[in-house]
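Asks: take a look and give me a structure for this.
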Amino acid sequence: MQSPNSAPLETASPPLDLLKLLYAAAVRRAMPLHTIGAFLPPPPKGRTVVVGAGKAAGAMAHAVEALWPQDAPLSGLVVTRYGHTPPRPEGLTQRIEILESSHPVPDAAGLVAAERIMAFPQGLTDDDLVLCLISGGGSSLLTLPAEGMTLADKQRVNQALLDCGASIVEMNCVRKHLSRIKGGRLAAACAPARVLTLLISDVPGDDASVIASGPTVPDASTCADALAILVRYQIEIPSAALAHLQSGALETRKPGDAVFANSEVHLIATPQQSLDAAAEAARAAGLSAYILSDEIEGESREVGKVHAALARAVALKGQPFQKPCVILSGGETTVTIRPRKPGAPKGRGGRAGEFCMGLAQALQGQTGIYALAADTDGIDGVEDNAGAFVTPDTLAQAAQKNMKLTVYMDRNDAYGFFEALDALFVTGPTHTNVNDFRALLVL
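Replies: The predicted structure is shown next:
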């Protein structure tokens, strides 16, 4: 509810400005420098080595460098997405090397990074400490194909998993079993040193074994699980790798394995914490705020339609919430890529844009409803936008330009649709990643 001393929202803050403010609050809560200090231990008797991967790995490395005692040994290397290395703060000494590679499909630079990271902790003793900095995106950035597979094989399987609409849990189950670094194998390379894994979660449920495919944590999934997923989505792998999966030779490191005896895991930022921060910002602006869930999965456009139905019920019936209010949600939806019609342009965009197309279609131009869906890493798919806005005028503006939303949906072209309406939300890389952010403002 609005506070007695607050101005009406329409005059105090334009709707899209408020949505941007909520997104900024969510991202700020997940920034490594604000969160990582509480989890850093005292320097060990021996060396401290840093390894890691993910879209937030560069910012996490900078945070460790800033907070680690200057007179204590510190070295290491991490890998992040191309263009996601943050500017180095003035006066901060570089002690951790930051590499870059490709996301969401791995490349040769990611292969080199994985090889170097696997080799870096060798020769450590139980007097030494390994800080492993992990965030979403690490599955692609840190690629080391299993026996019987080449980089080209991994790229093809990865693209197929992205295109078929598999969930993040399914994708990373396959990735773990077709890797020589994921699924706890990096932890084995660090033994007998103490391993402290610091995580920024980008997955529903905050399962450490799923985040970046869990390179330093136990994995309960099996080769049989990975095989079942490949069969379900009709994804082929080389015969040698298939035989290794069938025999169990590519099994990951399991709970109870001795390599984890000197290992700890801490979540330093989660989707729920970021949604809580956005809700707090909304309430400070005089609005009621409701968080649906931080674990929403499913086909992006269908999730958009469900959100639209809820927002329309609030706008038209005052159920289940009273307006004005903000409805927030997070999680990781999926996009199934439709076959492209001959001669049709290639679609562009990601989960957030796809959600917005489904949302706009179902809202039917309902007055008083504004929305922002964006990825908290600042990149929706592989384009330059974080997401997109939906307003009561979205469909009318498209009609004025002779644009049919269904045509753009048929080719998964959310970027093209919202670009033509000047409704893309562009932030650049945020240097963190707690996955999908969605905010619906009902006035």
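
Asks: ok, for Tyr408, nearest residue in space, not its chain neighbours?
Replies: Distances taken as Cβ to Cβ, 6 or more residues apart in numbering place Phe417 nearest to Tyr408, at 4.0 Å, with adjacent residues excluded. All C-beta atoms are positioned from the backbone trio N, CA, C, and that covers glycine.

Asks: likewise for Leu129?
Replies: The shortest distance from Leu129 to any non-neighbouring residue, by Cβ to Cβ, 6+ apart, is to Pro44 (4.2 Å).

Asks: just Glu100 next, same as before
Replies: Here the nearest residue to Glu100 in space, its sequence neighbours aside, is Tyr82; by Cβ to Cβ, 6+ apart that works out to 4.8 Å.

Asks: equivalent analysis for Asp413, please.
Replies: Using Cβ to Cβ, 6+ apart and skipping residues adjacent in sequence, the residue nearest Asp413 is Gly347, 3.7 Å away.

Asks: SS state for the one you found?
Replies: At Gly347 the chain is in coil, as set by DSSP: H, G, I helix; E, B strand; the rest coil.

Asks: longest helix of this structure?
Replies: Counting residues, the longest helix found in the chain (DSSP state H) is helix 300-317.

Asks: same question for that one, mean pLDDT?
Replies: Per-residue pLDDT values over helix 300-317 give a mean of 98.

Asks: what's the first helix or strand after it?
Replies: Counting by DSSP states H and E, the next helix or strand C-terminal to helix 300-317 is strand 325-331.

Asks: could I get the average pLDDT for that next one?
Replies: On average, strand 325-331 scores 98.

Asks: tell me, how many residues neighbour the residue nearest to Glu100?
Replies: 13 (other Cβ atoms under 10 Å).

Asks: so what's it up against?
Replies: When contacts are counted by Cβ atoms under 8 Å, 6 or more residues apart in numbering, Tyr82 is found next to Glu100, Ser101, Ser102, His103.

Asks: now those residues in JSON lines, with neighbour count, distance to Thr93 and secondary structure?
Replies: Formatted as JSON lines, those follow (neighbours: other Cβ atoms under 10 Å; distance: Cβ to Cβ, whole Å; DSSP: H, G, I helix; E, B strand; the rest coil):
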{"residue": "Glu100", "neighbour count": "18", "distance to Thr93": "20", "secondary structure": "strand"}
{"residue": "Ser101", "neighbour count": "23", "distance to Thr93": "24", "secondary structure": "strand"}
{"residue": "Ser102", "neighbour count": "17", "distance to Thr93": "29", "secondary structure": "coil"}
{"residue": "His103", "neighbour count": "24", "distance to Thr93": "28", "secondary structure": "coil"}
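
Asks: and the furthest pair within these?
Replies: Across the contacts of Tyr82, the longest distance by Cβ to Cβ is 9.6 Å; it joins Glu100 and His103.

Asks: name the residues contacting each of those two.
Replies: In contact with both Glu100 and His103: Arg81, Tyr82, using Cβ under 8 Å, 6+ apart.

Asks: the residue nearest to Tyr408: which element?
Replies: helix 414-420.

Asks: mean confidence score for the next helix-or-strand element following that helix?
Replies: Following helix 414-420 in sequence order, the next helix or strand is strand 424-425 (DSSP H and E). Taken as a whole, strand 424-425 has a mean pLDDT of 98.
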